[in-house]
Structures are given as structure tokens and as C-alpha cells.
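Engineer: Provided below for reference: sequence and predicted model.
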Amino acid sequence: MLDSTASPGETDARHDQIFAGDSLGVYVHFPWCLAKCPYCDFLSVVGERDTIPHHAYADAVIAELGFRSAELRSRRIHSVFFGGGTPSLWDPNQLGRVLVAILDAFPHTRSSLEITAECNPSSFDSDKARHLLDVGVNRFSIGIQGLDARRLQFLGRLHDRDQGLTAVEVALASGARSVSADLIYGVAGQTAAEAASEASVIASLGVHHMSAYALTIEEGTRFGALARTGQLPLLPDSAVADSFCSVHETLEQKGLGHYEISNFSKPDFESVHNQGYWLGRDYLGLGCGAWGTLQDNGQRSRYRNCQNPERYLAWRASGPNPDPTLLGAIETIDPKTALSERILLGLRLQRGIRLEREAHELGVDPVTPARARALKKLKARGQLIQEGEWLRIPTSSWLFADGIIAELL
């Protein structure tokens with residue numbers, strides 16, 4: 001049985017300080033990978049290290065930053081996240097150029113800024129760790145994903161058990177402020193005990209944070225295509241649920257608090273950047289295929305950059321006044337939709353959301369008649385808990401979170 005004793009209001013002051021005012025996160029997408037994982041629906045293109053346009057891509061990202069940040073210089077950023085793809089494939093000097101440009105563009109940034117780079121064991125060693133730290137990265141997120149040889153092969157990973165564990169150990173020994181590891185469970189053939197064992201081994205290395213995801217089959221992936229034709233072996237939902245519970249209990253016992261449905265951390269090592277997403281804060285997306293969400297004069301909009309690296313690089317090369325439409329599509333987000341998104345993401349957090357405050361910030365009614373009926377029903381079932389201004393899903397109901405949240409939207 002899942003349980004949690006943490007109070008949702010314990011870290012209010014710290015969170016409010018980090019995300020005060022109009023702070024925003026910055027996400028930089030690096031699209032290249034050595035191989036495409038069959039479960040991954042993030043934009044990635046296969047390329048060898050020597051064929052990647054390291055310098056030109058940094059130039060393009062810096063140019064986009066200049067285009068997008070002109071009206072944002074008075075704002076403060078709370079995090080920078082280099083994701084992918086595989087950012088550990090990027091020449092650290094070029095990644096560092098981008099980071100310097102970001103920090104220069106936002107002079108009011110706090111000194112304790114969280115700066116994360118996602119790294120795969122197949123492109124991460126002590127030299128890479130040292131170079132990334134030298135250019136300003138202070139948090140590593142290692143995509144270890146699993147420890148069993150057959151399941152790693154099934155997931156399309158290029159590393160083995162020893163390489164994965166070594167990458168985490170190297171990150172921990174590097175002097176980085178924080179190290180996170182990713183784990184995928186619920187893979188065909190895996191028992192709940194095996195999922196818990198893998199989580200235990202990784203946690204015992206001393207990581208500050210872990211992201212543990214149940215394998216999800218997404219449209220547009222190789223696994224999605226196999227699943228449509230019945231060719232993909234899958235665990236039954238009940239077995240995945242057992243693994244969820246076992247991983248939860250194991251990591252809690254290791255001192256990693258379950259602060260979001262798929263995320264665990266030691267106290268004060270929660271991912272600042274990802275919390276920005278879950279809390280509905282603005283984020284500036286840079287790079288090929290990157291998403292961004294920004295508010296300007298009360299108008300909230302979301303954009304996505306073009307998903308073709310060559311076209312993205314061509315935007316930079318198109319002259320001193322390049323056509324901004326080449327960067328991608330823009331959509332407007334109305335306040336009611338923004339509140340629904342905050343409910344959708346915020347209720348994934350153990351601490352929940354302050355519904356009244358969020359609605360007031362957006363200028364909309366927090367409780368429509370339909371939502372009032374849903375709230376009453378869910379509270380009566382014990383699937384929602386109201387504690388002061390906080391509304392949250394108890395961890396004992398997290399297995400049903402998708403359905404609970406759907407009733408409120």
C-alpha cells in the first residue's frame with residue numbers, strides 16, 4: 001500500500017522564492033543521437049559524432065536566443081536544461097558557448113541556477129564530465145534506463161549494465177552539485193521484484209534524484225507500430241502497477257522521496273527545471289524541435305521550432321533579418337486551457353496545486369459547476385485531499401491519477 005507522510009506545504013517558501021514573479025526556465029534541444037530508441041517520441045536524428053555540425057548548431061541556437069530574448073531581458077531564469085536527443089554528444093565547448101550566451105541574455109539570473117545536461121552512458125566519461133562542469137553545467141541526468149542485458153537490448157540502448165553504472169559513478173565523483181538517473185520499468189518479462197532491485201542498485205550508488213518511468217507506448221515510434229500489429233510483448237497493467245508500488249517502496253526506503261508520480265529525490269534535490277513545467281511556469285525553448293511557452297502582455301502562447309535540423313540551420317544562414325516563421329508554429333493558449341494544463345500537470349506533484357491561487361493568477365473561475373461536482377465526488381472517495389489551499393491526490397491513489405485528473409478537466 002502506498003503512503004506518504006510529507007506535508008504539501010513544507011517547502012512553500014523555497015518554491016515561492018525560486019519561481020517568484022515572472023521567472024522562466026530555458027530548454028535547449030540537441031537533436032542528434034547515436035541510435036534511435038524504439039520507445040522514444042522526442043525529436044531525435046541519428047548521426048555520428050564526427051558528422052554533427054557542432055559549431056554551426058551552437059551558432060543557430062545563439063541566433064535564435066537573440067531573436068527570442070529581446071523582450072525578455074528583464075526576466076529572471078530559474079534553470080537551464082540541455083535535453084535531447086543526446087546532449088552529451090555535443091562538443092562541450094559549443095554547449096558552453098550557448099550557455100554563456102543564455103546567461104548574458106538574462107543578467108538578473110540567481111547565482112544558484114540549476115544547469116542540467118542529459119547524458120547517455122555511451123557518450124559520457126570522466127573527461128566529458130570534467131569538460132561539461134568546466135563550461136558551467138552543475139547537474140547531470142544519466143539515461144541508464146535499466147540493468148538487465150536483454151531488456152537493455154529490447155529498449156535499443158547502446159550500453160550494458162556495467163557502462164550504465166559506471167556513468168552514474170563518474171557523474172557522482174565529478175563534483176557536480178546533483179546527479180539524477182533515469183530508469184524504465186514495466187518492460188516485458190520483468191517482475192516487480194526485478195524492477196525494485198534495479199531501482200535499489202542505482203539508488204545505492206548515492207544519486208540525488210531518480211526518474212522512474214513505466215514503459216509507455218507512443219504513436220509515431222517503432223514500439224507504437226509494433227503494438228498496433230500485436231507484435232510487441234507487453235506486461236499486463238496489473239503487473240506494471242505492482243512494479244510502480246515496488247519501486248515506490250524501495251526508493252522511499254533509500255531516502256528518495258516520491259515528490260512527483262515519476263520522480264524521486266533526496267530532500268532539496270527536486271528538479272527545479274521540471275517543477276517549472278509542472279507548475280505552469282514560462283519556459284523558453286531553443287533549438288531544433290524545441291517547445292516553448294511564454295506570456296506577453298497577458299497573452300500566453302506556445303510555439304514549436306521546425307523539426308528538421310538542416311532547415312533549422314538554414315534559418316541561421318538566411319541573412320541578418322531571417323524569416324521568423326521558419327522557426328515553427330505558434331498557438332495561443334486561453335486562460336481556461338492554461339488552468340486545465342496546470343491541473344493536469346500540478347496534480348502529478350505530491351504537494352498538489354493551489355487551485356484558487358492558480359485560477360486567480362489566470363483570471364478564471366477555479367470551480368465550474370461540473371468541476372465542483374467532480375471535486376465533491378473525488379473527495380468523498382478519498383481520491384483528492386484538501387489541506388488548506390492545497391489540493392492533492394494522495395499517493396495511495398496515484399495509480400488512478402490519469403482518471404482522477406480527467407474528471408476535473
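Structural biologist: Yep, that arrived. Since the structure is predicted, the reported quantities are computational estimates derived from the model, not experimental observations. Numbers count the residues shown, from 1 in each chain.

Engineer: average pLDDT for the helix or strand containing Leu226, rounded please.
Structural biologist: Assessed by DSSP states H and E, Leu226 sits inside helix 222-228. Summarised as a single mean, pLDDT over helix 222-228 is 93.

Engineer: shaky segments in the stretch 301-409 of the chain?
Structural biologist: For the stretch 301-409 of the chain, the stretches flagged by pLDDT under 70 are 318-326.

Engineer: just the chain next, same as before
Structural biologist: 1-17, 20-21, 110, 318-326.

Engineer: try it again with 50
Structural biologist: Residue ranges of the chain with pLDDT under 50: 1-9.

Engineer: list the buried ones in the helix or strand containing Glu64?
Structural biologist: Using DSSP H and E, Glu64 falls within helix 54-69. Within helix 54-69, the residues that qualify as buried are 54, 57-65, 68-69, counting by 16 or more other Cβ atoms under 10 Å. Just so you know, the C-beta spots here come from the backbone N, C-alpha and C atoms, and that holds for glycine as well.

Engineer: which residues does Gly143 contact?
Structural biologist: By Cβ atoms under 8 Å, 6 or more residues apart in numbering, the contact list for Gly143 reads 118-121, 182.

Engineer: what are the contacting residues of whichever helix or strand comes after the helix holding Glu64?
Structural biologist: As assigned by DSSP H and E, the chain's next helix or strand after helix 54-69 is strand 77-84. Contact with strand 77-84 is made by 18-19, 23-33, 42, 44, 90, 95, 99, 102, 106, 109-110, 113-118, 137, 272-273, 276, 281, 284, as judged by Cβ under 8 Å, 6+ apart.

Engineer: filter those residues down to the ones in helices?
Structural biologist: Judged by DSSP state H, helices contain the following of those: 18, 95, 99, 102, 272-273, 276.

Engineer: pull the most distant pair out of those.
Structural biologist: Maximum pairwise distance in these, criterion Cβ to Cβ, is 23.7 Å, between Ile18 and Leu95.

Engineer: give me the more crowded residue out of the two.
Structural biologist: The residue with more neighbours, out of Ile18 and Leu95, is Leu95; 26 against 21, by other Cβ atoms under 10 Å.

Engineer: for Leu172, see how far away Gly186 is.
Structural biologist: As judged by Cβ to Cβ, to the nearest Å, Gly186 and Leu172 stand 26 Å apart.

Engineer: between the two, which has more neighbouring residues?
Structural biologist: The residue with more neighbours, out of Gly186 and Leu172, is Gly186; 23 against 19, by other Cβ under 10 Å.

Engineer: I'd say the more buried one and Cys245 touch.
Structural biologist: No. When contacts are counted by Cβ atoms under 8 Å, Gly186 is not listed as touching Cys245 (11.7 Å).

Engineer: which of the contacts of strand 77-84 count as buried?
Structural biologist: Among the contacts of strand 77-84, the ones that count as buried by 16+ other Cβ under 10 Å are 18-19, 23-33, 44, 90, 95, 99, 102, 106, 109, 113-118, 137, 272-273, 276, 281, 284.
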